[in-house]
Every structure is written in C-alpha cells, then in structure tokens.
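Sharing a model prediction with you, sequence too.
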Amino acid sequence: MFTEVSDRISKDLKKRGMNFVGSTIIYAFMQAVGMVNDHQRSCYRHSEVKKLS
C-alpha cells in the first residue's frame, strides 16, 4: 500500500542518498507512527487509533 504522500517522501529521501525507502516502506512507517489510520470503521481499533491523532 502507498499514498501520494509516501511517494513524495520516498522520492525525497532517495534524492538525499537513502536506500530501502520505497513508498510501501514509508507508508508502513506512517502507519506505525500514527500518521495513517487505515483500520476499517467497524474495527474496534479504528476509534482507539483515531483518538491518538
């Protein structure tokens, strides 16, 4: 999975010389730090994660 934002971050980091920072990896990082909440609304974690943002 990826988004326009993860694509832009990935491209910027690659320009700066970083490796292994593809769009999918950046998206996974964004999920881990709470930038993205892609839990389905019916999932009990959706509301819990939404409160953190």
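Arrived safely.

show me the biggest helix of this structure in terms of residues.
helix 4-15 (DSSP state H).

So what's the model's average confidence on that one?
Averaged over helix 4-15, pLDDT sits at 96.

Go through the next helix or strand after it and flag the buried ones.
As assigned by DSSP states H and E, the chain's next helix or strand after helix 4-15 is helix 23-32. Of the residues in helix 23-32, S23, I26, Y27, M30, Q31 count as buried by neighbour count, 16 or more other Cβ atoms under 10 Å. Using the backbone N, CA and C atoms, a C-beta is placed for each residue, glycine as well.

Against which helices or strands is helix 23-32 packed?
helix 4-15 (3 or more Cβ pairs under 8 Å, 6 or more residues apart in numbering; DSSP states H and E).

centre of the chain versus the helix it packs on, how much separation?
11 Å (Cα atoms, centre = their mean, to the nearest Å).
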